[in-house]
Every structure is written in structure tokens, then in C-alpha cells.
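1. The sequence isn't on hand, but the structure is:
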Ligand SMILES: C[S@@+](CC[C@H](N)C(=O)[O-])C[C@H]1O[C@@H](n2cnc3c(N)ncnc32)[C@H](O)[C@@H]1O
């Protein structure tokens, strides 16, 4: 994994929250929070919370006596999350803390549930990340996370990545395939979780539809609101705007000019911390 893959900083955090979250992350946040709520936890740890779309869904779905600790590696993402929550609903149940999911600053057995939306793919060592989640869970505690399925199953992303690759045929940006869509082998996920001490593992494919007012929004969201932005900028001409225009044109050719929609598919995973 390249160092840029985990750098959700600067303008990326802004475009991410404004355009990418409503496009592809919001529907899965409701779904993940519902899984967490059904487990009836008192203490929830969220890792890789980003700009807080799941945190907000958890706040809406969990009872008044639940405690939510929301963490992320990158402060700029948490800053957006805190701002959004101040506007949406101030909530004393939530504590924010910068934390690397592979080295959590929490005691053993201090949470009933760990939740992570589209973050596990960014962990440089997934078994270590899962093992950290297990360490901070009580025995019998639950881990819920989701990951994107194959890039071909996320239509907007697939079209944008192919369009941008045509601009740099000798050195196409590979972030999207390598990382967000790079951890979708069900057998690998299952065996990583077992190696980290989890049992009772379920992995379900969940489809949603991504909707945008025009091809422009997904073009900006994917080219500028993800670490692919840094890959494009590093490659020079035609630059970020040129690549975004090219992506927009490809989306228009495939989906049309007005409001557009495309399929997205994620794997939703649950596991139980095995005793002992
Ligand atoms: C695709 S975003 C998902 C954010 C959020 N969960 C959501 O659904 O919008 C991936 C997040 O993983 C975070 N991240 C990357 N590596 C991490 C690590 N080692 N520990 C914790 N967070 C990490 C990034 O900062 C980023 O916010």
C-alpha cells in the first residue's frame, strides 16, 4: 500500500464530506448502524470514522445511555465530523479521538461493539487491525465492518478510473483498485478474521444505487475527494481539472447528461470475538 492511500487530508476531506459521502457512503451508514443497534451495545468504538456519517447514524439509532467513541487516523476528517455534528445534533454520548486502528489507545475489553465503515481496506496489516478490534472488545463482543466489492460492481468509480487511466496509459493511477476495492476476497476476509480470534463470521453482499444530479458531481467526488487526487496531481498535465473533465465526459457518455444513477455493491461483515 502506498503512503498516499491513507492521506485523507487538505481539500480531500472537504470534497469527501460534501460530495462523496452522499453519493456512496450514506446508504451503507444507515445499514451498518442498524447492525450495531441490534446488538444493543452500551459502549461502541468506531474506527476510521472519517467525516462521521456512521457516527451520526449511530447517534440516531442508539439509546440515550449508549457511549460512542469515534476515532480516525486523520484529524482533518474528524474535524469535518465534529463540525457536521455540531450543526446536526450536539450529542454528549460521543467522544472524538484521533487513533490508528492498528494501535488503539484503549484498554483490553473496553467495548461491546467495534464498527468500521469502509476503513479496513486502508489498514496496512488487516489481521493486526482485526486483532486490535478483538483486544478492545469484551469476550463475545461484536465487530461490524463493510468493504467495497470489486471495482466493476461500483459503476461510477469503474467508469471514472478507466477514463483517467486513458490519460496516463504508462502509469495509470491505481489507488481505487488497490485500496478501496482491494479487500473483497470473501475467503481472505474470513481467514484474516479467524486468525485474529473471531468466530461466527457472516459476509453479505449489499447493493445500493448511487444517485447524482449530473455527471459532474461523481467526477469531482472520485477524482478530487479521494487519495486518487494526489495520484493525478503527481502525474502532471492535464492536471486535476483536466482529469475531472475527462471523467465527467466518460460518465455522460455512459449514463446520460441529467440526473444519473449507478450500481454500488459492498460486503457487510459481522464477527464475534471468540472467548479465550
Ligand atoms: C473511505 S474513508 C471512510 C470514512 C468513514 N467511515 C465513512 O464511511 O465515510 C477511510 C477512512 O479511513 C481512515 N484511515 C486510514 N487508515 C487508518 C488507520 N490506520 N486507522 C484509522 N483510520 C484510518 C482515513 O483517514 C479515512 O477517514
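-> Sure thing, it's come through. Model, not experiment: these values are computed from the prediction.

2. what about residue 164, neighbour count?
-> Using other CB atoms under 10 Å, residue 164 has 25 neighbouring residues. C-betas here are computed from N, CA, C, even on glycine.

3. Just confirm it is within a helix.
-> Yes - per DSSP: H, G, I helix; E, B strand; the rest coil, residue 164 lies within a helix segment.

4. Pull the contacting residues for it.
-> Contacts for residue 164 (CB atoms under 8 Å, 6 or more residues apart in numbering) come out as 172-173, 223, 228, 232, 243, 246-247.

5. Contact residues of the stretch 51-200 of the chain facing the ligand?
-> Within the stretch 51-200 of the chain, the residues that sit near the ligand (CB under 6 Å from any ligand atom) are 51, 53-54, 72-74, 77, 100-102, 117-119, 122-123.

6. repeat that for 8 Å
-> Residues of the stretch 51-200 of the chain lying close to the ligand by CB under 8 Å from any ligand atom are 51-54, 71-74, 77, 99-102, 116-119, 121-124, 129, 180.

7. count of residues packed around the residue of the chain found nearest the ligand?
-> Evaluated by CB to the nearest ligand atom, the chain has residue 50 as its residue closest to the ligand, separated by 2.3 Å. Using other CB under 10 Å, residue 50 has 27 neighbouring residues.

8. these two touch, right, it and residue 84?
-> No - contact between residue 50 and residue 84 fails when scored by CB atoms under 8 Å: they sit 10.6 Å apart.

9. picking up where we left off before, tell me the secondary structure of the residue of the chain closest to the ligand, please.
-> coil.

10. Need phi/psi at it.
-> phi 60, psi -130 (degrees, to the nearest 10).

11. Apart from its chain neighbours, what residue comes closest to it?
-> Distances taken as CB to CB, 6 or more residues apart in numbering put residue 77 closest to residue 50, at 4.8 Å, once the chain neighbours are dropped.

12. What of residue 195?
-> residue 127 (5.1 Å).

13. Neighbours of that neighbour, how many?
-> Neighbours of residue 127 (other CB under 10 Å): 15.

14. By mean pLDDT, which helix or strand of the protein comes out lowest?
-> Least confident helix or strand, the chain: helix 75-88 with a mean of 85, by mean pLDDT, DSSP states H and E.

15. so what does it touch, helix or strand wise?
-> On a contact count with 3 or more CB pairs under 8 Å, 6 or more residues apart in numbering; DSSP states H and E, helix 75-88 meets helix 11-15, helix 53-61, strand 67-72, strand 94-98.

16. let's see 7 Å
-> Under the contact criterion of 3 or more CB pairs under 7 Å, 6 or more residues apart in numbering; DSSP states H and E, helix 75-88 touches helix 11-15, helix 53-61, strand 94-98.
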